[in-house]
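Engineer: Provided below for reference: sequence and predicted model.
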Amino acid sequence: MLDQVNLSQLQGISVGDIHDREHFEIKWKTQHLRMAILEGKGIDKIIADAKELIVATLEHFKSEESAMDADTLRNFTTHRRLHTDIIQSLRDISNDLEQRRIRGAIELIKFFDVSLTNHLDVEDAAFERELRNVK
């Protein structure tokens, strides 16, 4: 993840490659959750897949925030605020999961399709461009 990489000396690994792997993992876990719901795999499997998706998303945010902390020359307040808002939404969704409600998993899929996908594909692309400009 990004927090395991010295961003000023990437040693042949681009920030984009790291982001791409994390984004792929989140999208892959979303597909697993979607299939578990569509195939009626049962609440235990659905909850497990939903929790894996949430953890992958939180880990991705953690690695991005570490990258932000490593860059003391720029201010990433807006991007951090987006993370805070998404994390709060994930907490709300997680509460439904903890109460063993399928609604939480369905809300997670909807949330991913709109808010999280936009964050990964648009906001993180801008963040990545900014990190590439590290001198």
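Structural biologist: Here it is on my side, so go on.
Engineer: tell me the phi and psi of residue 42?
Structural biologist: phi 100, psi 150 (degrees, to the nearest 10).
Engineer: So what's the residue count around it?
Structural biologist: Counted by other C-beta atoms under 10 Å, the residues lying close to residue 42 total 10. Backbone N, C-alpha and C define where each C-beta goes, glycine included.
Engineer: go on, residue 78?
Structural biologist: 10.
Engineer: Is it within a helix or a strand, and which one?
Structural biologist: helix 77-98 (DSSP states H and E).
Engineer: Pull out the CA atoms of that helix and give them to me as PDB.
Structural biologist: Taking C-alpha atoms only, helix 77-98 is exported to PDB below (Å, rounded to 0.1, in the frame of the first residue of the first chain):
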ATOM      1  CA  THR A  77      -7.800  19.000   3.300                       C
ATOM      2  CA  THR A  78     -10.500  18.500   0.700                       C
ATOM      3  CA  HIS A  79      -9.500  14.900  -0.100                       C
ATOM      4  CA  ARG A  80      -9.200  14.100   3.700                       C
ATOM      5  CA  ARG A  81     -12.800  15.500   4.100                       C
ATOM      6  CA  LEU A  82     -14.000  13.200   1.400                       C
ATOM      7  CA  HIS A  83     -12.500  10.300   3.300                       C
ATOM      8  CA  THR A  84     -14.100  11.400   6.500                       C
ATOM      9  CA  ASP A  85     -17.600  11.600   4.800                       C
ATOM     10  CA  ILE A  86     -17.200   8.200   3.200                       C
ATOM     11  CA  ILE A  87     -16.000   6.600   6.400                       C
ATOM     12  CA  GLN A  88     -19.000   7.900   8.200                       C
ATOM     13  CA  SER A  89     -21.300   6.400   5.500                       C
ATOM     14  CA  LEU A  90     -19.500   3.100   5.800                       C
ATOM     15  CA  ARG A  91     -20.000   3.200   9.600                       C
ATOM     16  CA  ASP A  92     -23.700   3.700   9.100                       C
ATOM     17  CA  ILE A  93     -23.900   0.800   6.600                       C
ATOM     18  CA  SER A  94     -21.700  -1.400   8.900                       C
ATOM     19  CA  ASN A  95     -24.200  -0.900  11.700                       C
ATOM     20  CA  ASP A  96     -26.900  -2.400   9.600                       C
ATOM     21  CA  LEU A  97     -24.600  -5.300   8.800                       C
ATOM     22  CA  GLU A  98     -23.800  -5.800  12.500                       C
END
